Structures are given as structure tokens and as C-alpha cells.
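Asks: I'll drop the sequence and a predicted model, then ask my questions.
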Amino acid sequence: MLAKRVIPCLDINAGRVVKGVKFEDLRDAGDPVEVARRYDAQGADELVFLDITASSDDRPTLFKTVEAVASAIFIPLTVGGGVRTCADVRALLSAGADKVSINTSAVLRPDFVTEASDRYGVQCIVVAIDAKRVSKKNQPPRWEIFTHGGRKATGLDAIEWAALMVQKGAGELLVTSMDRDGTKSGYDNELLRAIADAVPVPLIASGGVGSLEHLEQGLSLGGADAVLAASIFHSGQHTVGEAKQYLTRHGVTVRMPAPLAVTI
Amino acid sequence: MEKIGVIDYGMGNLHSLGKALERVAGNQRVVISYDPEELIECDRLVLPGVGGVKAAMNELRRLELNEMVIEASRKRPLLGICLGMQVLLERSEENGGVAALGLIPGDVVRFVDPPLDAVERLKVPHMGWNRVQQSRPHALWAGVPDESWFYFVHSYHASPVNPEHALGSSDYTHRFAAAVARDNIVGFQFHPEKSQSAGLRLLANFAAWDGDGR
């Protein structure tokens, strides 16, 4: 049986892991290789690296970081942030990323997703969807796609957009609730469930985790295949191992790596 | 110095696989190449691959690697990974049906969607970590606990004719061949280079394997 995945997300700026609230007040949180090794040892199923470097001329630093991490850990690595062209996708895959996450560029030009997945395979194209609830309290729920860290509305319906992205060649969707991101109040499980029911590809839940219970809810209520979280792991509030033990106790199938008799 | 050759025929990125093999290869050199003459000199060969089977077979033929793989498979350890495992079989139903290398009798077939009223829909590709049940003892399983977790990404799977060629199985709505083996040939549907310590252990076992498949 396929395991549900637990994925720590690392924000990268100028070759360092950083943490902050909503891209502001960034503080250094360590060397990417060391942080990646720590999560790998804790039993992370994948890692997501998000390049939040403001200037696009610092890409070589990102490629070096990806290469160093991919040489040190042997679990899948997804890299996103500023992916605009097939050349960007290729450069990240060549540096050692297993999947590339596309966000704003897909909104600007949906066919970019098709071009990238035709060339490199659907299995390595993740489309990141940032959605915000736009319906009023007593209305049926409706979400729209936002770009620029949740500041810019696009008018696109999130569920229709998710279906379109899969049709265009997304192999996986990373769905972030912009309402919940940074609030520690849990995923928007209604949003997740609506998308999970509408698309046939795996779904990664993101935005709002403040407790281990939230992870479980994203999987059970939200119907996600994987749960992504940042601050509960970075702050040391919980290890990935604790998260997995919690999920196991609540009947979720997760990978519990067996210690091998011989270490490599 | 012994060499492990990784066949680079343009089907997917070999960075992680190269790094993982270097990690476990001991004194052996890891050679990533598309030159059949260089590869045939290697002591062990790895055939990786991500993408579609038609493009894979076309590229193997174009680079004159298909004959080299068949030739090499007669005498030295050969490891196919993911699509590189699927082309070891006779045929794949992907891309409208494609003849493959035929080193292991059987077909490659697509995961079948369960009926629409099924409780849980099947998501294809089968993507993520799944357990592998070891069907029989083999040198490559040494030190790898039965039912270890490995990382998969695929929509098609091997269906070997001879049950003896099934080396391991996984469960994704039904049991399918997650690993195959025949004599000095092994194939993994999952990615050992992405499967943390269990995967590195398998690659280390391959790097030390003499090709005895019993």
C-alpha cells in the first residue's frame, strides 16, 4: 500500500535556508545540506526547496545548492521558485532535482506546463497552486488563484484551474491555502477535498500547519496524498519522526524506515 | 580498476544515480556514457530510464546500445531501473505497443483503474513510497529487510511470464512485480537511488555482485 508522504519545505535564499513570516523578517536557519541531512535522518519522504531569492541573476547559487543537496541525500527533491522556461526546468533537473515546481509561470502561460511535461515527463512537473477563499460566509465555497505571494488576484477558479493544470500535464499538485499560510490554524481541508475529488493526480497539502493533528486532517478530511509543512519542523516543535508516529497511531500508512543491519 | 557503467541514452537525469553509485561503489569507477564500446568494457552495467518506452527503444537503437545491452547481459551483472527495467521484458503496451529487449519473458502493462464506484480511486502514476515483499532469496536482498520501503514513480509495470523471474512484489490495488531477475540480470521498478538507506544498500549489493542469480 502506498504510504502517505511527509514533506518538510525549506525556503532558500542566496544559498542558505531561511525562515520568516510571509517572506518577511528572514532569519538564517542553516546550511541546506545540513538541514536536508537532518530531515532525511528523521525519515522525511521528500524535500521541497523553494527559492525565494528576489533577484533572478542569482540562479547559479541555487543550482550549486541543489547539486550539493542532491549529492548528499537520496530521497526525492522538488525545487521551485522562479521557474520560467524549459531551460530553467532542465537546469534544475541537471543539478539533481527530481521534480520542479511551477507556479506563476503556469498562470502567465498554461502551455508552459505542457511543454515542460512533454519534454521531461509528467512525473517531474509539479504545479503549485496558491488559492484564496473568495466566497462569503453563507455562500457555497469558492476559491481563486492568487500570485505574488497572495497579493495579486487572477480571477481563476481554483478547482477549474487544478483540473486544467492536470490536463496540461501536471503530474502532481502542491496546493497552498493563502488564507491559512502562516496562521498555524490547519490546512483549508475543504479546498483540498474539492481539488482531490476533481483531479486524478497526487495532491500535496500546504499552508497552515500548527500541530500534528493538522497533518492528519489534511490527509483524512482533505484527501491529500502528502502533507507539506515548514515551521513545525524548523522550529523544533516536532521532528518528522514524531509526525509519522502520530500519523501511524491514527491509522495512516506512512513509511517508517527500518534501521538497516549494515550502514552505508 | 573495475568499472560500473551507467548507460546514458538521454532518458532522464542520471545525477542522483551516479552520486548514489559513487557512494557505494568502493574502489570501482562509475562511468556514465552512451558509447557502446566504452560500456561493453565495464564490469557491471546499469540501465536507468524515465519517460516513454517508445522513445527509450528508439534512443537505444539509434545509439547502437540495444545490441550492446543484449551482448553484455550474457555475461555480466546488469541492473535495469524503472523504465530501464521495463525494457528488459519482451513488450510494453505503452505508446500503442512496443517491442523491447526481450531479456525476460513477459509484458509491461498499465495499471488498470478500478470501477468508478470503487471506494478509493487509483491514481496513476503510482507515485511515492511502497513496501516491497521479497519473493525469493537473492544476493541483492542481502541486508535489506523484507517489506522495506522504496520510492516508485510509474504508470506501467512488468508482468513476467515465469514466476521464477519475479524477485519482489508490491501492492497497489493488486500485487505487481516490483523487481525481476533472471540469471545475472536484475530489474527494479522503484528507484533505489531515491530510496534512502534501503536503496543504497541494494546498489551496494549490486556493486559487489558476481552475477550469480541463484
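Replies: Looks like it came in fine. Numbers count the residues shown, from 1 in each chain, chains lettered A, B, ... in the order given.
Asks: Are we agreed that A:W161 is in a helix?
Replies: Yes - under DSSP: H, G, I helix; E, B strand; the rest coil, A:W161 falls within a helix.
Asks: Count the residues that sit near it.
Replies: 22 (other C-beta atoms under 10 Å in any protein chain shown). Every C-beta, even on glycine, is put in place using the N, C-alpha and C of the backbone.
Asks: For it, give its distance to A:A170.
Replies: Distance, A:W161 to A:A170, by C-beta to C-beta, to the nearest Å: 10 Å.
Asks: ok, now A:Y246?
Replies: Per C-beta to C-beta, A:Y246 is found 30 Å from A:A170.
Asks: Give me the more crowded residue out of the two.
Replies: Between A:Y246 and A:A170, counting by other C-beta under 10 Å, A:A170 is the more crowded of the two (26 against 18).
Asks: That one contacts A:L203, doesn't it?
Replies: No - A:A170 is not in contact with A:L203 according to C-beta atoms under 8 Å; the separation is 10.6 Å.
Asks: Using PDB, write down the CA coordinates of the biggest helix by length in chain B.
Replies: Determined from DSSP state H, the single longest helix within chain B is helix B:196-207. Provided in PDB are the C-alpha atoms of helix B:196-207 (Å, rounded to 0.1, in the frame of the first residue of the first chain):
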ATOM      1  CA  GLN B 196      17.300   6.300   1.100                       C
ATOM      2  CA  SER B 197      19.400   3.700   3.000                       C
ATOM      3  CA  ALA B 198      17.400   0.700   1.800                       C
ATOM      4  CA  GLY B 199      18.100   1.800  -1.800                       C
ATOM      5  CA  LEU B 200      21.800   2.500  -1.200                       C
ATOM      6  CA  ARG B 201      22.100  -1.000   0.300                       C
ATOM      7  CA  LEU B 202      20.700  -2.600  -2.900                       C
ATOM      8  CA  LEU B 203      23.100  -0.600  -5.100                       C
ATOM      9  CA  ALA B 204      25.900  -1.600  -2.800                       C
ATOM     10  CA  ASN B 205      24.900  -5.200  -3.200                       C
ATOM     11  CA  PHE B 206      24.800  -4.800  -7.000                       C
ATOM     12  CA  ALA B 207      28.200  -3.200  -6.900                       C
END
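Asks: Which neighbouring elements make contact with that helix?
Replies: Contacts defined by 3 or more C-beta pairs under 8 Å, 6 or more residues apart in numbering or on different chains; DSSP states H and E place helix B:196-207 against helix B:15-24, strand B:44-47, strand B:148-154.
Asks: any chance of these in a markdown table, plus distance to A:G223, mean neighbour count and mean pLDDT?
Replies: Below are the helices and strands packed on helix B:196-207 laid out as a markdown table (distance: least, C-beta to C-beta, whole Å; neighbours: other C-beta atoms under 10 Å in any protein chain shown; pLDDT from 0 to 100):
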| stretch | distance to A:G223 | mean neighbour count | mean pLDDT |
| --- | --- | --- | --- |
| helix B:15-24 | 30 | 21 | 93 |
| strand B:44-47 | 37 | 26 | 98 |
| strand B:148-154 | 20 | 25 | 95 |
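Asks: Including distance to B:G187, could these go into CSV?
Replies: Conversion of the helices and strands packed on helix B:196-207 to CSV gives the following (distance: least, C-beta to C-beta, whole Å):
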stretch, distance to B:G187
helix B:15-24, 14
strand B:44-47, 8
strand B:148-154, 12
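Asks: Tell me the buried residues in the helix ranked longest in chain A?
Replies: Counting by DSSP H, the longest helix found in chain A is helix A:59-72. Using 16 or more other C-beta atoms under 10 Å in any protein chain shown as the test for burial, helix A:59-72 gives A:59, A:61-63, A:65-72.
Asks: Let me know the closest of these to chain B.
Replies: Of all the buried residues of helix A:59-72, chain B sits closest to A:S71, with 4.7 Å by C-beta to the nearest C-beta.
Asks: Grab the nearest non-local neighbour of the closest one.
Replies: Excluding the flanking residues, the one nearest A:S71 by C-beta to C-beta, 6 or more residues apart in numbering or on different chains is B:K19, at 4.7 Å.
Asks: And that neighbour, how close does it get to A:G121?
Replies: B:K19 is 20 Å from A:G121, by C-beta to C-beta.
Asks: who's in contact with A:L192?
Replies: A:175, A:203, A:205, A:218, A:221-224 (C-beta atoms under 8 Å, 6 or more residues apart in numbering or on different chains).
Asks: Spatially nearest residue to it (excluding sequence neighbours)?
Replies: In space, and not counting its chain neighbours, A:L192 is closest to A:G222: 3.1 Å by C-beta to C-beta, 6+ apart.
Asks: So what pairs up with the residue most central in space within chain B in the strands?
Replies: The structure's chain B has its C-alpha centroid closest to B:I81; by C-alpha atoms, centre = their mean the separation is 2.5 Å. Counting by DSSP bridges, B:I81 is bridged to B:F188.
Asks: okay but it is in contact with B:L14, surely?
Replies: No - the criterion here is C-beta under 8 Å, and B:I81 misses it with B:L14 at 10.2 Å.
Asks: Now do the shared contacts for those two.
Replies: Joint contacts of B:I81 and B:L14 (C-beta under 8 Å, 6+ apart) are B:P48.
Asks: re the thing from before, ok, the residue nearest to A:S71 touching A:A68?
Replies: No - if you go by C-beta under 8 Å, B:K19 and A:A68 don't touch, sitting 10.6 Å apart.
Asks: Return the residues in contact with A:T85.
Replies: Shown in contact with A:T85 (C-beta under 8 Å, 6+ apart): A:105, A:112.
Asks: go again using 10 Å as the cut-off
Replies: A:91, A:105, A:112, A:115-116 (C-beta atoms under 10 Å, 6 or more residues apart in numbering or on different chains).
Asks: Model confidence score at it, please.
Replies: Listed pLDDT for A:T85 reads 93.
Asks: Going by residue numbers, what spans are strands in the stretch 1-150 of chain A?
Replies: Here the stretch 1-150 of chain A has its strands, by DSSP state E, counting those that start in this stretch, at A:5-13, A:16-21, A:24-30, A:47-51, A:77-80, A:99-102, A:125-133, A:143-147.
Asks: Tell me which of the ones you listed sits nearest to B:L103.
Replies: For B:L103, the closest of the strands of the stretch 1-150 of chain A is strand A:99-102, at 30.2 Å, according to C-beta to C-beta.
Asks: Give me the below-cutoff pLDDT ranges for the chain.
Replies: You didn't pick a chain, so chain A it is. By pLDDT under 70, the weakly predicted segments of chain A are A:20-24, A:54-57, A:258-264.
Asks: try chain B instead
Replies: The model of chain B has pLDDT under 70 over residues B:113-121.
Asks: With that, I have no additional questions.
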